[in-house]
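Student: Return a 3D structure for these sequence lines:
(2 chains)
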Amino acid sequence: MPKKRRNPWCLLPLSLALIAGDIPATATEKTVTFRSWSPIVETTNQMIAAFNQKNPDIKIEAKIFNYPDYLVDLQTRAAGNSLPDIIGLEPGALTQQYKQFLLPLQDLAAKVWGSNWKEKFYPIAIEQARLGNAKEDENFYGLPVLTQTINLWYTVPVFQELNLQPPKTYDELLKIAHTVQSKGAAALLVGAADGWVRRDIYMQLIHNIAPGLIYKAEAGELKFTDPPFVSAMHWWKRLFDDGIIQPGALGLSAYPGSMELIEAGRAATFPMGAWWMQQATRPNPPPLSKGLSGFAPVRFPDVTGKGQPDDCLGGIDVMFGISKSAKDPEAAFRVVADWIDGAGAQALINTFNDLPAVKGLSPQKFETENEQRVWQMLVNDWLPKVKYARQLQKPEVKQAFEDALAAVAAGELSPEKAMERIQTAADKVR
Amino acid sequence: MVVTRSSGAGFKPNSPRTRTALRWNWDFLFLIPALSLFSVFVLYPFCSIFFRSVYQWDGVNQATFVGLKNFIEILTRDYGFWLAMRNALYWAPITIVAQMIVGFALAYILTSGVPFQSIFRAIIYFPAIVSPIVVGIVWQRIYNPFGGLLSDIGAAWHIPALMIPFLSDPKIAIFSVIVVNIWQWTGYSMILYVAGLKTIPEEILEAGTLDGAGVFKRITRIIWPMLRHVHLTLILLGIIGTLQTFPIIYVMTQGGPNHATEMLPNYIFTQAFRLQAVGYASALSVILLLLALSLSVFQMKVFGSRFAT
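Tutor: Prediction:
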């Protein structure tokens, strides 16, 4: 009996769908698309798997980029009206730029979590989620997923070996600099080629000198040329002049440049945030990072003589919004809600990617006592006290700070001139 | 078959004019794919940046017409732009001349019968096939005065010149990056020169030797002038490369410190995607485009006829 021939053309649609990776969902299965720069791909896959265990009816198509590529993708998709259902956002400028495409989420949040849903979150997370909104605009265009603090970390074995205590004042940091130099370590190892690292240090200095003042200057209520801001810039300069920050810092990137030196034990202290905990969860971490056994957080040393502030700077690391073009906003919100405080959130927190946005979440497993102690310190002692944002709102002012800080560190500008430049940039965008 | 005219009075199917018309139409059909791609990926962006350059626009929301304000701002007050222009003026001549001289020297040595010359050529060419991202990361470590390779060598052999902050001193940072660029692309120049050297007839060199020309004279009077087409190609590629420089700067310095290593493509990227100033970045792109066009026209005028010879 002759074999029945199949028409090869009937396979064409299936082949095309396979090539495009776009097999249509079954009738009962909904598809939710997600694009972001954070969390990383491996963590996102774990979050999807955790969500799908209880929600097999929703298929999540995720794509994770590095941050600059993500901005390009987002801008292109917004222009082409093809935004994904769930969008990774930063509070402030980025969210404000895209808010016309974003669905207000407060009603969906109330539907899922009840009318007092805001109480689930740490106060700073709720406060910053609406950063940059007009006064009358009460909408939440994104909900926080991860939060963070910024601080210094110190390398425990370096301190133990030299019988040092974590620095509480600038003078103590200076003494550490004199002690650790002979051991080939830096008192404060900084990957200052990255603008955000320079800004983080300045923000901690000005927070020490005059808490909350910088946000008023950004809003135009004060001048960046006022004495406290100039003073903070002088302290920034001193960190270089006194040899506290290692030579060549402006030419070293934070990742992977400074990270490798830190994990090799070449740093007495270094400026990172709560996210540094995730170093322990990478495959085959170096000995210092294994179980976070070699590192512990410490507040930025006091430069005023009045003591360190009781609070750290911090706030939202990443938040998720839902685009107005989402085919099924309720399905998309089920995903977002799960990633904020459900099984997906647990998978996310288990990676120590950063701190949770909601209260009561904790990793299911700690490798060492130090890791657990650090987590509890960050989540229970530091995060609830965060009052002020790590970030400024306006990209132009942030960029002006990054440029000015580099110019001062390189000796190209005096602190006074640098602050004048920042004021000029701030005036221009106002 | 494409019929180009109705077969009425006066239509002569075998006339040369009809054949030309028919061929022209067929030729045009074959051009359509290329023209479509050109329109979408070149013509449209070309027109689009001109259009966007007169707006204040964040790339997403409503744009505001500002006329020539972006251009005036760039040309009169933009510190980053002028540093990028200065750096391009450093970058192009230094890289082109250095790559030509070193590339030629290597090519000459490696075509003169030294042992293992194919292996040496492969080793010298190797950096050209490595991603600039990898090159940038590795060289940032090599340059780092705190635990970097050069610094450690300098400390061990007491050479202070190797322990300087290569990338963090604004006065030398751009030259440090240029050195890396030269290191990466000299192998490419060498390969072009090797190919060029092989086209020089052996008899000419022998005649030169018989006339008493030494190595230096043979190189300067015979070989170097006969490689004119390679020199011109390298100059053209060097200028294009300068205007396209992006990844090595992005990875090694991010244009810093304080724009000291800024190049125009990096600055456009920063404006468009970090500062959400797409209109301003479009104006910068227009300037880059005009610069590239002017240089191309200049090169065609000056070198155009000599490329073929």
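Student: For chain A, see how far away the closest residue to B:Pro247 other than its chain neighbours is.
Tutor: Distance criterion CB to CB, 6 or more residues apart in numbering or on different chains; nearest residue to B:Pro247, sequence neighbours excluded, is B:Pro132 at 4.0 Å. Glycine gets a C-beta too; all of them are placed from N, C-alpha and C. Counting by CB to the nearest CB, to the nearest Å, the gap between B:Pro132 and chain A amounts to 15 Å.
Student: can you give me the strands in chain B?
Tutor: In chain B, the strands defined using DSSP state E lie at B:55-56, B:64-65.
Student: residues touching A:Arg266, list them.
Tutor: A:Gly184, A:Ala185, A:Ala186, A:Leu189, B:Phe146, B:Gly147 (CB atoms under 8 Å, 6 or more residues apart in numbering or on different chains).
Student: ok, so of those residues, who is nearest A:Trp37?
Tutor: A:Leu189 (25.3 Å; CB to CB).
Student: Tell me how many other residues surround the residue nearest to B:Pro247.
Tutor: A count of neighbours around B:Pro132, defined by other CB atoms under 10 Å in any protein chain shown, yields 19.
Student: Just list the residues touching it, thanks.
Tutor: B:Pro132 neighbours (CB under 8 Å, 6+ apart): B:Gln184, B:Pro247, B:Ile248, B:Val251.
Student: how deep is the third one tucked in, by neighbour count?
Tutor: Residues within reach of B:Ile248, counting by other CB under 10 Å, total 21.
Student: Show me what A:Ile58 is bridged to.
Tutor: Beta bridges link A:Ile58 to A:Lys30 when assigned by DSSP bridges.
Student: Go ahead and confirm it touches A:Phe34.
Tutor: No. Under the contact definition of CB atoms under 8 Å, A:Ile58 does not touch A:Phe34, with a separation of 11.0 Å.
Student: what does the stretch 201-309 of chain B put close to chain A?
Tutor: Contacts of the stretch 201-309 of chain B with chain A, taken as CB under 8 Å from any CB of the partner chain, map to B:251, B:253-254, B:256-260, B:269-270, B:273-276, B:278.
Student: where exactly do the helices run in the stretch 201-350 of chain A?
Tutor: Remark: helices assigned in the stretch 201-350 of chain A by DSSP state H, counting those that start in this stretch are A:213-218, A:227-241, A:259-263, A:329-341, A:343-350.
Student: Of all those, which one is nearest A:Lys120?
Tutor: Across these, closest to A:Lys120 is helix A:329-341 (CB to CB), at 6.4 Å.
Student: related to what we said a few turns ago, just the ones of the residues of the stretch 201-309 of chain B next to chain A in helices?
Tutor: B:Val251, B:Phe269, B:Val278 (DSSP state H).
Student: possible to save those residues as JSON lines with pLDDT and neighbour count?
Tutor: What follows is these, written out as JSON lines (pLDDT from 0 to 100; neighbours: other CB atoms under 10 Å in any protein chain shown):
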{"residue": "B:Val251", "pLDDT": "93", "neighbour count": "21"}
{"residue": "B:Phe269", "pLDDT": "94", "neighbour count": "20"}
{"residue": "B:Val278", "pLDDT": "94", "neighbour count": "25"}
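Student: so who does B:Asn70 touch?
Tutor: B:Ser53, B:Val54, B:Gln56, B:Gly279, B:Tyr280, B:Ser282, B:Ala283.
Student: Filter those residues down to just the ones in helices.
Tutor: Within the contacts of B:Asn70, residues falling in helices by DSSP H are B:Gly279, B:Tyr280, B:Ser282, B:Ala283.
Student: and which of these is nearest chain A?
Tutor: B:Tyr280 (10.5 Å; CB to the nearest CB).
Student: In contact with the closest one, which residues are there?
Tutor: For B:Tyr280, the contact set (CB under 8 Å, 6+ apart) comprises B:Gln56, B:Asn70, B:Glu73, B:Ile74, B:Gln271.
Student: now those residues: which count as buried?
Tutor: B:Gln56, B:Asn70, B:Ile74, B:Gln271 (16 or more other CB atoms under 10 Å in any protein chain shown).
Student: Which of those residues sits closest to B:Val215?
Tutor: Taking those together and measuring to B:Val215 by CB to CB, the closest member is B:Ile74, at 50.7 Å.
Student: Pretty sure the closest one sits against B:Ile287.
Tutor: Yes. At 6.6 Å, B:Ile74 counts as touching B:Ile287 under the criterion of CB under 8 Å.
Student: in chain B, what residue is nearest chain A?
Tutor: B:Leu167 (2.8 Å).
Student: Over to that residue: give its phi and psi.
Tutor: phi -100, psi -10 (degrees, to the nearest 10).
Student: Next one: it, what pLDDT does it get?
Tutor: On pLDDT, B:Leu167 comes in at 96.
Student: still on that earlier bit, would you turn the contacts of B:Asn70 into a markdown table with distance to A:Glu367 and pLDDT?
Tutor: What follows is these, written out as a markdown table (distance: CB to CB, whole Å; pLDDT from 0 to 100):
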| residue | distance to A:Glu367 | pLDDT |
| --- | --- | --- |
| B:Ser53 | 55 | 97 |
| B:Val54 | 58 | 97 |
| B:Gln56 | 52 | 95 |
| B:Gly279 | 51 | 96 |
| B:Tyr280 | 49 | 97 |
| B:Ser282 | 51 | 97 |
| B:Ala283 | 53 | 97 |
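Student: Now the buried members of those.
Tutor: Here, 16+ other CB under 10 Å leaves B:Ser53, B:Val54, B:Gln56, B:Gly279, B:Tyr280, B:Ser282, B:Ala283 buried among these.
Student: mind giving me CSV with these and columns for distance to A:Glu416?
Tutor: Below are these laid out as CSV (distance: CB to CB, whole Å):
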residue, distance to A:Glu416
B:Ser53, 35
B:Val54, 37
B:Gln56, 31
B:Gly279, 32
B:Tyr280, 28
B:Ser282, 35
B:Ala283, 32
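Student: Surely B:Gly80 is in contact with B:Tyr267?
Tutor: Yes. The pair B:Gly80 / B:Tyr267 is scored as a contact, 5.4 Å apart, by CB under 8 Å.
Student: Comparing those two, which shows the higher neighbour count?
Tutor: Neighbour comparison, B:Gly80 and B:Tyr267: the larger count goes to B:Tyr267, with 24 against 20 (by other CB under 10 Å).
Student: Please name the residues that touch residue 260.
Tutor: The chain I'm using is chain A. Here A:Glu260 is in contact with B:Arg141 (CB under 8 Å, 6+ apart).
Student: hmm, I had chain B in mind actually
Tutor: Going by CB under 8 Å, 6+ apart, B:Ala260 touches A:Ala410, B:Leu83, B:Pro170, B:Lys171, B:Ala173, B:Ile174, B:Thr253.
Student: Repeat the analysis, applying 6 Å as the threshold.
Tutor: If you count contacts by CB atoms under 6 Å, 6 or more residues apart in numbering or on different chains, B:Ala260 has them with B:Pro170, B:Ala173.
Student: Kindly report the same for the one 3 residues further on.
Tutor: Taking CB under 6 Å, 6+ apart as the criterion, B:Met263 is in contact with B:Ala84, B:Asn87, B:Thr245, B:Ile249.
Student: related to what we said a few turns ago, need the max-distance pair from the contacts of B:Pro132.
Tutor: Greatest spacing in these, by CB to CB: B:Gln184 and B:Val251 (12.2 Å).
Student: In three-state terms, how would A:Tyr154 be classified?
Tutor: strand (DSSP: H, G, I helix; E, B strand; the rest coil).
Student: Counting neighbours, what do you get for the closest residue to it other than its chain neighbours?
Tutor: Nearest non-adjacent residue to A:Tyr154, counting by CB to CB, 6+ apart: A:Thr269, 4.7 Å away. The tally of other residues near A:Thr269 (other CB under 10 Å) stands at 29.
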